[in-house]
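Colleague: Quick one, structure for this:
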Amino acid sequence: MTRQLDIERDPFLTLLTDALRAGPGSPQWHEAVAQLKTSNENVDEYKLLIEAREALESGKDYRSVRAGAGFTRKLMTGIDASITDKRAHLGTLIAILAGVGLIVVIAVVAYELYPRTPADDTPNAIADLATTYFPNELSSSTFDTGIPAMWRTIGSLPLETSAAGLKAGNALVPKDDYIGGGIVASDAIQPSLPVAIQTTLRIDRASPNLIPQVFVSNIPDFSADRAISAQELVWQIQGDQQKVVVGGQVTKQTRIDAKPSHTVRLILKGDLAIVECDGHQLWSGHSKLDDKPRYVGVRFIRTGDKTAADVSIPSVRILTSNG
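Modeller: Residues are numbered from 1 along each chain as shown. Down below sits the predicted model:
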C-alpha cells in the first residue's frame, strides 16, 4: 500500500514536515498523502505519515519536525486570552455578588429605619388592666369631720362637710357661666403605677345645675374660679346622664341608674384608663394624660345660683397594685 520512502529528497521532506505541522485536512496534508499513495486505493493516511516520520527520525536530521513560525506566540496568546477571559468572568461574578450584597444591606437598613406603625396591643392591655387586683391602700378619706390633711381645696365654689360627706355650698354664679370647687390629693401618683380611684356618691336629688365629678389631671395647677385644668380624665353626672370626658371631649354618655348610691372607679396605668360605675365598664382607652404625674380629685360644678340638688361624696379611696 505504500512505496519505499526516499528520504533523501529535500522537497518531499519539506512537504512532509509542513503536513505534520499543519495537521489533517490541511492542503499540505493532502499533498503529502497524495505523493505517498501509489494508487487511488483506500489507505491509512495517518499510518503513511507515521512511517514517513519514523524514517525521518531514524537518523536523517535534514529537517526536524518543529512547531511552525509563530506557534509559541500564538499558543501563549491563546493561553493569556483564556486566563484573561476567566479572570474577566471571575471579576464579573465578584462584582455581581458584591452588588447583590450591597442591595441586601441597603434593604435591611431601610427596613429597620422605615417608620412602621406598631401593632396595637391596646385591647389586651385593657383586658389585663381590668383584671388587676388592687390590694394596697394609699389613702382612704371620709368627710364627716372635715377635709383630711392629704387634700387641698381648689376653685371658688365653697365646700361643706358633714356626716353625709363632701357637698357643694352656695355661691353667686355669673349668668350663663359656671364655677367649681373641689379637693385634689397633694401627692402626685407616678404614671407607671397601676392605681384605682374609688369614689362613693350619694344622690338624693339630682339637678342639671349641679355636676359632681371625679377626675385625674396631669398638672397640679387648677383655675381659681372653676377648679379645672387643661388635661383631665373626668367622670361626671349631669341630671340623669353620666359622662366620660377625655381631653375635653365627651367620649361616653349614658343614663345612670335611678338609685341613691353609686360607686365610681377610675383605673389607670401608663396611658391606659378604664372608667366604671357600679361595677359596669363605661369606657376604656387612652387617657391622653401623657407620661406625667397624676393628680386625683373630686369636685362640684355649679351652673346656677340656687339648686334643689342634694348630692354628696361620702368617701374617696386610692388603691394600688403590686405592679
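
Colleague: So which elements touch the strand or helix carrying Thr17?
Modeller: Assigned by DSSP states H and E, Thr17 belongs to helix 10-22. When contacts are defined as 3 or more C-beta pairs under 8 Å, 6 or more residues apart in numbering; DSSP states H and E, helix 10-22 packs onto helix 27-36, helix 45-57. (Each C-beta comes from the backbone N, C-alpha and C, glycine too.)

Colleague: So, low pLDDT: which residues of the stretch 1-150 of the chain?
Modeller: 1-10, 13, 37-43, 46, 53-89, 114-120 (pLDDT under 70).

Colleague: make it 50
Modeller: Within the stretch 1-150 of the chain, the stretches with pLDDT under 50 are 1-9, 60-67, 71, 75.

Colleague: which of the residues in stretch 185-199 are buried?
Modeller: Neighbour-count burial for stretch 185-199, counted by 16 or more other C-beta atoms under 10 Å, picks out 185, 188-189, 191, 193-199.

Colleague: Check stretch 302-312 too.
Modeller: 302-303, 307, 309, 311-312.

Colleague: can I get the helices and strands packed on helix 10-22 in TSV with mean neighbour count?
Modeller: Conversion of these to TSV gives the following (neighbours: other C-beta atoms under 10 Å):
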stretch	mean neighbour count
helix 27-36	17
helix 45-57	15
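
Colleague: Dump those to JSON lines, plus distance to Leu15.
Modeller: Shown next, in JSON lines, are these (distance: least, C-beta to C-beta, whole Å):
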{"stretch": "helix 27-36", "distance to Leu15": "5"}
{"stretch": "helix 45-57", "distance to Leu15": "10"}
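
Colleague: Is it correct that Ile197 is in contact with Ala273?
Modeller: No. At 10.3 Å, Ile197 does not count as touching Ala273 under the criterion of C-beta atoms under 8 Å.

Colleague: Give me the common contacts of those two.
Modeller: Residues touching both Ile197 and Ala273 (C-beta atoms under 8 Å, 6 or more residues apart in numbering): 216, 266-267.

Colleague: and of those residues, the nearest to Ala163?
Modeller: Leu266 (25.4 Å; C-beta to C-beta).

Colleague: Can you say which helix or strand has that closest one in it?
Modeller: Element membership for Leu266, per DSSP H and E: strand 261-269.

Colleague: and that strand, how far from the chain's centre?
Modeller: 34 Å (C-alpha atoms, centre = their mean, to the nearest Å).

Colleague: Then stretch 276-285?
Modeller: 31 Å.
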